[in-house]
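> whatever this is, show me its structure:
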Amino acid sequence: MRRVKWFLAAFAMGTLFFGCKKEQPAETPPAQPKAEAPAQPKVEAPAPAPAPTPAQPEVTASAPSAAPHSAYDRALLRPAALKEKAPETFQVKFTTTRGEFTVTVHRAWAPIGADRFYNLVRHHFYDNASFFRVVPGFIVQFGLSAYPPVSAAWRDANLSDDPVTQSNKRGYLTFATAGPNTRTTQLFINLKDNEGLDGQGFAPFGVVDGKGMNVVEMMYDQYANTPRDFQDLITVQGKPYLDKNWPKLDSIKTATLVGSAPEATKP
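Residues are numbered from 1 along each chain as shown. Alright, predicted model coming up:
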């Protein structure tokens, strides 16, 4: 009888041990900082930000209303058709909620990126777009369209990478990425010398002129990285989503070519 009791007790302990072990969750793999799963929204960013992330704001679940066609150049709905070669140098004037600044682009620095930027500006892609990621001492990021149909059209319009010929110095303008050969429309301006980004493949192609950085450095920065984490909803719902959840973000009123470069005519 004693042996039977001992056997039953041992059997019960074994069942408890293996049962508990089986119910434990599998180990979660480490996050991939730049990998883009096909079913996931595309998140473009130059690097993890050094600043802490504030509390997340309310996330609205309501569906966006369609933007009127008159609000944007309908040529933007056909990315494959916008293939104009940029001049060797050209300037873009940004009029923002904080004031104005001008960027001078040097095509030789990164010709593929410069051509994309030129075509986007010619067709007013950046008008009304918000500076949705402003991290003090790091970068100011923008380039998600205010209009969901435009964002949808450009989501997978990826560019091949340019070789990095210039360092990411303070004031230099660079495309953000979600990994190799994934540049689309998002850009960032370096708020300091970020040489560490050079080896990650971020190729500057323009620079903010003169005192323009005084304007760039005034962009509202207390949301830091938080809006960047909601790029899928920003893409689907557009500027109204940003205005509701992060109302203090600064934005671009217009981004236009200045000097001899021509503006595109709206169809």
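> Tyr147 versus Tyr241, what's the distance?
Using CB to CB, to the nearest Å, Tyr241 is found at 12 Å from Tyr147. Heads up, the C-betas are built off the backbone N, CA and C, glycines and all.
> so between the two, which is more surrounded?
In this view Tyr241 and Tyr147 are compared by other CB atoms under 10 Å, and Tyr147 has more residues nearby, 24 against 21.
> tell me how far the more buried one lies from Arg122.
Taken as CB to CB, the span from Tyr147 to Arg122 is 17 Å.
> low-confidence regions, the stretch 51-200 of the chain specifically.
Filtered on pLDDT under 70, the stretch 51-200 of the chain yields the residue ranges 51-70.
> all the helices of it, residue numbers only.
Assigned by DSSP state H, counting those that start in this stretch, the helices in the stretch 51-200 of the chain fall at 111-122, 148-154.
> out of those helices, which gets nearest to Phe175?
helix 111-122 (5.1 Å; CB to CB).
> in a markdown table, list the helices of the stretch 51-200 of the chain along with distance to Pro204 and mean neighbour count.
Formatted as a markdown table, the helices of the stretch 51-200 of the chain follow (distance: least, CB to CB, whole Å; neighbours: other CB atoms under 10 Å):
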| stretch | distance to Pro204 | mean neighbour count |
| --- | --- | --- |
| helix 111-122 | 9 | 22 |
| helix 148-154 | 21 | 20 |
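> would you turn those helices into a markdown table with distance to Thr256?
Shown next, in a markdown table, are the helices of the stretch 51-200 of the chain (distance: least, CB to CB, whole Å):
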| stretch | distance to Thr256 |
| --- | --- |
| helix 111-122 | 7 |
| helix 148-154 | 17 |
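> ends of stretch 104-117, what's the gap?
Start-to-end span of stretch 104-117 (CA to CA, to the nearest Å) is 12 Å.
> got it, and stretch 85-98?
So stretch 85-98: terminal residues 31 Å apart, CA to CA.
> list of residues touching that stretch?
Here stretch 85-98 makes contact (CB atoms under 8 Å, 6 or more residues apart in numbering) with 100-108, 111, 114-115, 117-119, 121, 126, 131, 206, 209, 215, 218-219, 250-261.
> buried ones in that stretch?
Of the residues in stretch 85-98, Ala86, Pro87, Phe90, Gln91, Val92, Lys93, Phe94, Thr96, Thr97, Arg98 count as buried by neighbour count, 16 or more other CB atoms under 10 Å.
> ok now that stretch, how far from the chain's centre?
Remark: stretch 85-98 is offset 19 Å from the chain centroid, using CA atoms, centre = their mean, to the nearest Å.
> stretch 118-134 now?
The answer for stretch 118-134 is 12 Å, by CA atoms, centre = their mean.
> could you pull out the strands in the chain for me?
Along the chain, the segments classed as strands by DSSP state E run 89-96, 99-106, 133-135, 139-142, 172-175, 187-190, 204-208, 252-258.
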